[in-house]
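In: no sequence on this one, just coordinates:
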């Protein structure tokens, strides 16, 4: 997964399980259920305004593939469920995954937030 470093965003002291993730980018999925996030090639204001319109078709977007469990987590993000709800559903959907489920789901959501694919709020 592609990572963007965000030094201005700090979530220290926040219970991530209580936060509600919301999608910020579009996605597409294949017949196997693997999700690819569609991110505009230029995300800064100048590039988005001046360069993005010059690109044609598929060149306008970067596609970021998510692995199987990540695709499942992405499918659970609906703007209503909290990260805790998603972690609980993950535990039910993947009973073989027993170690640190909440921590791993929180870290995955945090990575998606850090890369600008999701935002999180403390309200439902």
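Out: Structure received. Nothing here was measured: the structure is a model prediction, and the numbers come from that model. Numbers count the residues shown, from 1 in each chain.

In: what pLDDT does residue 105 get?
Out: Here, the pLDDT recorded for residue 105 equals 95.

In: and for stretch 68-79, what are the contacting residues?
Out: 1, 20-23, 27, 29, 33-35, 37, 66, 85-86, 89-90, 93-94, 97, 105, 108-109, 112, 118 (Cβ atoms under 8 Å, 6 or more residues apart in numbering). Quick note: C-beta positions are derived from backbone N, CA and C, even for glycine.

In: which residue of the protein sits farthest from its center?
Out: The C-alpha centroid of the chain is most remote from residue 54, which lies 27.2 Å away (Cα atoms, centre = their mean).

In: hang on, the earlier thing: from the contacts of stretch 68-79, which ones fall inside helices?
Out: Those of the contacts of stretch 68-79 mapping onto helices are 85, 86, 89, 90, 93, 105, 108, 109, 112, per DSSP state H.

In: any weak-confidence spans in the protein?
Out: Applying pLDDT under 70 to the chain flags residues 1-12, 123-124.

In: Find the centremost residue of it, please.
Out: Geometric middle of the chain (Cα atoms, centre = their mean) lands on residue 112, at 3.6 Å.

In: so that one sits right up against residue 23, yeah?
Out: No: Residue 112 is not in contact with residue 23 according to Cβ atoms under 8 Å; the separation is 9.2 Å.
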